[in-house]
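[1] this is a predicted model, with the sequence first.
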Amino acid sequence: MVITARVGTGLIKQILVDTGADSNIMFRNVFDALGLMDADLQMHQHGVVGLGNHFIKPDGIITLPISLGQGQGRRTVMAEFVILLDSTAYNIILGRKTINDLGGVISTRMLVMKFITEEGSVGSVRGDLETAVACDNAILSLRKKSKEASGIFLADLDAKVDDKPRPEPEGDLEKFRVGNSEEKFTFVNRNLPHELKEPLMEMIRANGNLFAWTPADMPGINSSLMSHHLAVRPEAKPVAQRRRKMSQERAEEVARQTAGLLEAGFIRELDYSTRLSNVVLVKKHNGKSRMCVNYSGLNKACPKDCYPLPNIDALVDAAAGYDDF
């Protein structure tokens, strides 16, 4: 939600109310426009992540009054702002600490924030939808420019994204056998110097038992040591899906992958199952297939944990300001 409020001696527009931010952020252009001086700043030793997912060293921090509402419906609190040289479409980002100090309650649907006034009544400030849309469009443009400038975002490093090119070895590759069969092999750069390539290949062959060539080579953890049980509702009824037909090619691939899982001990055969879900083959980027199971029905039979991390905000806020965090 984007609002207008009085900060220090000026009326500031394009203030983003962000419940996901811990600190308040003021950008340098606003700091200068308010006539503030560097002598007013206090030291701030921690970095902030900017648009290009790079760390920015703040210029410092400053404490200023911020006022919401008008007349008898006004509330003023002292807020600490982190000053950044980097810029966005917003002038200020208002974090949850100040929102809590104001006693603010936000309705994103109604674009309004209610807060407790200085007289104890309820005041309100409305968000500006047109300004919010304009800021969003400007943010997208800034992010695109930042990506072109920095070359890469952290999200681009995720090799699991199918539409992104995966890292590939550089140079001409030479195939060499690692194990006792032709199927156990890997690659090395053909142009490596002989005094480097030969010791490298010998070291890989000496540690060939560390490679997992089949599922049976990585049997996992013994169930006597650790096991996991699903919390299924007592009233849930077992569901057996109707068998889905698949092509001969897919059936052979399922049989091959199932045999590998049986050999590794990942699964076991069960007669007269009261619950059955069909497997689904999903194509991977390399053309092979991954065997999956649709557990949506099982998810509905298990109680949902609505608060998996109930104290995460409190833990993050409590840890803020410590060097080891």
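    Arrived safely, thanks for sending.

[2] can we go C-alpha only for contacts and neighbour counts from here?
    OK.

[3] assign a three-state SS to E269, would you?
    What DSSP: H, G, I helix; E, B strand; the rest coil gives for E269 is coil.

[4] got the phi and psi for it?
    Main-chain torsions, E269, degrees, to the nearest 10: phi -80, psi 140.

[5] just I66 next, same as before
    Torsion angles, degrees, to the nearest 10, at I66: phi -130, psi 130.

[6] isn't it right up against V77?
    Yes - the pair I66 / V77 is scored as a contact, 5.7 Å apart, by C-alpha atoms under 8 Å.

[7] between these two, who's got more neighbours?
    Neighbour count, other C-alpha atoms under 10 Å: between I66 and V77, I66 has more, with 21 against 15.

[8] for that one, give me its contacts.
    A5, R6, V7, G8, T76, V77, M78, A79 (C-alpha atoms under 8 Å, 6 or more residues apart in numbering).

[9] also R190?
    Here R190 is in contact with G171, D172, L173, E174 (C-alpha under 8 Å, 6+ apart).

[10] hmm, back to that, can you flag the buried ones in the contacts of I66?
    Buried members of those, counted by 16 or more other C-alpha atoms under 10 Å: A5, V7, G8, T76, A79.

[11] tabulate those residues (a markdown table), appending distance to A231 and pLDDT.
    Below are these laid out as a markdown table (distance: C-alpha to C-alpha, whole Å; pLDDT from 0 to 100):
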| residue | distance to A231 | pLDDT |
| --- | --- | --- |
| A5 | 49 | 90 |
| V7 | 51 | 91 |
| G8 | 54 | 88 |
| T76 | 49 | 91 |
| A79 | 45 | 91 |
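
[12] what about these, which are in strands?
    The members of these that map onto strands under DSSP state E are A5, V7, T76, A79.

[13] from those, pick the one nearest R244.
    Of all these, A5 has the smallest distance to R244: 60.5 Å, by C-alpha to C-alpha.

[14] do I have it right that the closest one meets P65?
    No - using C-alpha under 8 Å, A5 makes no contact with P65, being 10.4 Å away.

[15] is E130 in a helix, a strand, or coil?
    Per three-state DSSP, E130 ends up helix.

[16] and the spatially closest residue to A231 that is not a sequence neighbour, what does it touch?
    Excluding the flanking residues, the one nearest A231 by C-alpha to C-alpha, 6 or more residues apart in numbering is C302, at 5.8 Å. Neighbouring residues of C302 by C-alpha under 8 Å, 6+ apart: L230, A231, V232, R233.

[17] and with 7 Å instead?
    C302 makes contact with A231, V232, R233, according to C-alpha atoms under 7 Å, 6 or more residues apart in numbering.

[18] any chance of the residues you listed in a markdown table, with neighbour count, secondary structure and distance to L298 too?
    Compiled in a markdown table, the contacts of C302 are given as follows (neighbours: other C-alpha atoms under 10 Å; DSSP: H, G, I helix; E, B strand; the rest coil; distance: C-alpha to C-alpha, whole Å):
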| residue | neighbour count | secondary structure | distance to L298 |
| --- | --- | --- | --- |
| A231 | 11 | coil | 10 |
| V232 | 14 | coil | 8 |
| R233 | 11 | coil | 10 |
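
[19] would you list those in TSV and tack on pLDDT and distance to G208?
    Output for the contacts of C302, formatted as TSV (pLDDT from 0 to 100; distance: C-alpha to C-alpha, whole Å):
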residue	pLDDT	distance to G208
A231	84	41
V232	86	43
R233	86	46
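
[20] okay then, goodbye and thanks.
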